[in-house]
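Peer 1: got a predicted structure here, sequence first:
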Amino acid sequence: MVAEFQSIAVLGAGAWGTALAVAAKRAGRHVALWAREPEVREAIATRGENTPFLHGIRLTPDLALPEDPIAAAAAADAILLAAPAQHLRSQIAAVAPAVRPGTPLIVCAKGLERGTARLMTEIVAEAAPGAEAAILSGPSFAEDVARGLPTAVTLAARTLPLAQALAAALASPAFRPYASDDPVGAAIGGAVKNVLAIACGIAEGKGFGASARAALIARGFAEMRRFGAALGARPETLTGLSGFGDLILTCTTAQSRNFAFGLALGSGESVAEADGHSRGVVEGAASARPVVERAAGLGVDMPIAAAVAGIVDGAPIESAIAALLARPLRAEHE
């Protein structure tokens, strides 16, 4: 079935979309990378690199750079959707009429949609019901992938054979997608870990130490698992690459935009100031409130995520921390 996915369109040429285009080229696919920004297309075409978003990474000259995303989508065997989570629905709406029935739409964003609290895979199902919704998620920094450093991710689709075929089409010696037929679990892990990474960054900025960070990771993972169970995710998905694996990566280094955002907040900066440091979208900041809203509707308690949502919405950090520390003691696995 790999032969069916020879032509890959990557819609969105930020750091992550560009890195995925590089990975697909290494896998031997024909790749079209669509950039919304004309300056990105010009930089790639004239300098051979995405200077605005992925400086220093040389791109192959045979990388197609279409100006029309609709034409790129129509010609593709599979489409990687690399727009930020809050723009995914509009991106799909723009190209959906041109997508051939059954074409895999592989979400590469991590979050829940504001206003609807929908998972990324749910948005695909709503906006392009004739397509096959899939998701690529896991512990991966764009620069690592683009440089060819060893990286493993989850690629989840409705059926395991489809996930395996898509994984094989994108795989190379250094980029290893592991197939899954639990797209809900993969989507939840990627969304929730970004919110928890902000919490860990705040703790680092406040100087709370490694013990506090370890506690946040462990208790945050418990929140992720409760949320996942309520939405039908499989436990083994959340303990895998797209859940616990990605959580560990983003909660332990300022290379993560979400951790760096939290670090700035914990160091005394405002939300606007902290956001201003990032060259890309801080997905956890946008998804924190939708995560909490969806969880509340399911009767799931997520106090750490709720604290982050409150801080992003303007609540004082000290008050949020005090509320967490004042929670009643309980059995660990309640």
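Peer 2: Cool, got the structure.
Peer 1: packing partners for the host helix or strand of residue 89?
Peer 2: Residue 89 is located in helix 88-95, with elements delineated by DSSP states H and E. Identification of packing neighbours for helix 88-95 by 3 or more Cβ pairs under 8 Å, 6 or more residues apart in numbering; DSSP states H and E yields helix 69-75, strand 78-81, helix 120-127. Backbone N, C-alpha and C define where each C-beta goes, glycine included.
Peer 1: ok, residue 158 - contacts?
Peer 2: Residues near residue 158 by Cβ atoms under 8 Å, 6 or more residues apart in numbering: 132, 133, 134, 181, 183.
Peer 1: and those, which are buried?
Peer 2: Among those, those buried by neighbour count (16 or more other Cβ atoms under 10 Å) are 132, 133, 134, 181, 183.
Peer 1: okay if I get those as CSV plus pLDDT, distance to residue 312 and secondary structure?
Peer 2: Putting these into CSV (pLDDT from 0 to 100; distance: Cβ to Cβ, whole Å; DSSP: H, G, I helix; E, B strand; the rest coil) gives the following:
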residue, pLDDT, distance to residue 312, secondary structure
132, 95, 33, strand
133, 95, 28, strand
134, 98, 29, strand
181, 98, 33, coil
183, 98, 26, helix
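Peer 1: kindly reformat those residues as CSV containing distance to residue 113.
Peer 2: Compiled in CSV, these are given as follows (distance: Cβ to Cβ, whole Å):
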residue, distance to residue 113
132, 20
133, 14
134, 18
181, 23
183, 16
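Peer 1: give me the distance between the residue nearest to residue 114 when sequence neighbours are not counted and residue 24.
Peer 2: Nearest residue to residue 114 in three dimensions, chain neighbours excluded: residue 290, at 5.5 Å (Cβ to Cβ, 6 or more residues apart in numbering). Note on residue 290: its distance to residue 24, by Cβ to Cβ, to the nearest Å, is 30 Å.
Peer 1: ok, residue 40 next?
Peer 2: To residue 24, residue 40 is 17 Å away according to Cβ to Cβ.
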